[in-house]
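A.B. asks: I would like the atomic coordinates for the input below:
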Amino acid sequence: MQFAAPLIPALLIRRYKRFLADVRLEGGREVTVHCANPGSMLGLATPGTRVWVEPNDDPKRKLRYGWRLVEMPDGHFVGVDTGLPNRLVKAALLAGGVPGLPDYDTVRAEVKYGHNSRVDFLLGTSGQPDNYLEVKSVTLCRRAGLAEFPDSVTKRGAKHLAELSHMVAQGQRATLLYLVQRSDCSAVAVASDIDPGYAAAFAEARAKGVAVLCIDCDISPQEITLGRTILLH
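C.D. replies: Here you go, the predicted structure:
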């Protein structure tokens, strides 16, 4: 998936109020950019970090730039837009190209289910159980090559796991997809020290039959695309 406009390099000054960041463009001009990431962004928001922002000329938007990538010191990239994974996965599902998943006849997004929840995608094929697919964006890396989720406490994430388990108990299928928006990781683990409650919910969900799929991304300042399946640590 190509970015809507060519990305521009900048240096991060600070991130604040969850959805805002100040950056310094290459010419020295300082601008405020939209940060489409409500998480902690642990390890990704250090002042002085080289980032890539996307300009826009939409008069309906208050901010003229959106923060899209972090460039690591070794040249690898991290995607910070948490809305992008669902768009990537949807496009791949419609094209029949999600690694580790079979093709499905129908793909429905944001379907209500369970106790006042919405599943990211409900996948269906005639004569087979539906597959409830939940997508999580993974950006945390504290050990070389290992991506981790979550990067902060997520009661919502634990609730999603319980909902998926309930669907399996009803005879349906359920899959949790960790989409790693990094180009430098080969495995995924649950960050149990950050959120023990989520780790317990994850273990319970797997025991009850929820499938787990981990996929990385190929990332550059031009585009982000689905990569390959990677290991669950």
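
A.B. asks: from here on, contacts and neighbour counts on C-alpha atoms
C.D. replies: OK.

A.B. asks: Give me the three-state assignment for the residue nearest the centre of the chain.
C.D. replies: The chain has Ser137 as the residue nearest its centroid, 1.7 Å off, counting by C-alpha atoms, centre = their mean. For Ser137, the assignment made with DSSP: H, G, I helix; E, B strand; the rest coil gives strand.

A.B. asks: how far away is it from Pro59?
C.D. replies: Separation of Ser137 from Pro59 (C-alpha to C-alpha, to the nearest Å): 29 Å.

A.B. asks: can you list the domains in the protein?
C.D. replies: Segmentation of the chain into domains, based on automatic domain parsing, reads 8-79, 84-232.

A.B. asks: ok, then the element right after the longest helix seen in the chain?
C.D. replies: Using DSSP state H, we find that the single longest helix of the chain is helix 155-169. Where DSSP states H and E defines the elements, the next helix or strand beyond helix 155-169 is strand 173-180.

A.B. asks: Report the next helix or strand after that following strand in sequence order.
C.D. replies: By DSSP H and E, the next helix or strand past strand 173-180 is strand 187-190.

A.B. asks: what lines up beside that following strand in the sheet?
C.D. replies: strand 146-149 (parallel), strand 231-232 (parallel) (DSSP bridges).

A.B. asks: hmm, who's touching the shortest one?
C.D. replies: Meaning strand 231-232. Contact partners of strand 231-232, identified using C-alpha atoms under 8 Å, 6 or more residues apart in numbering, comprise Ser186, Ala187, Val188, Ala189, Leu213, Cys214.

A.B. asks: if I read this right, the fourth one contacts Pro150, doesn't it?
C.D. replies: No - assessed by C-alpha atoms under 8 Å, Ala189 is found out of contact with Pro150, at 9.2 Å.

A.B. asks: Helices of the chain, start to end?
C.D. replies: Using DSSP H, helices in the chain cover 84-95, 155-169, 196-207.

A.B. asks: With Val70 as the reference, name the closest of those helices.
C.D. replies: Nearest to Val70, of all the helices of the chain, is helix 84-95, at 14.5 Å by C-alpha to C-alpha.

A.B. asks: Just the buried residues of that closest one, please?
C.D. replies: In terms of neighbour count (16 or more other C-alpha atoms under 10 Å), helix 84-95 has its buried residues at Leu84, Pro85, Asn86, Leu88, Val89, Lys90, Ala92, Leu93.
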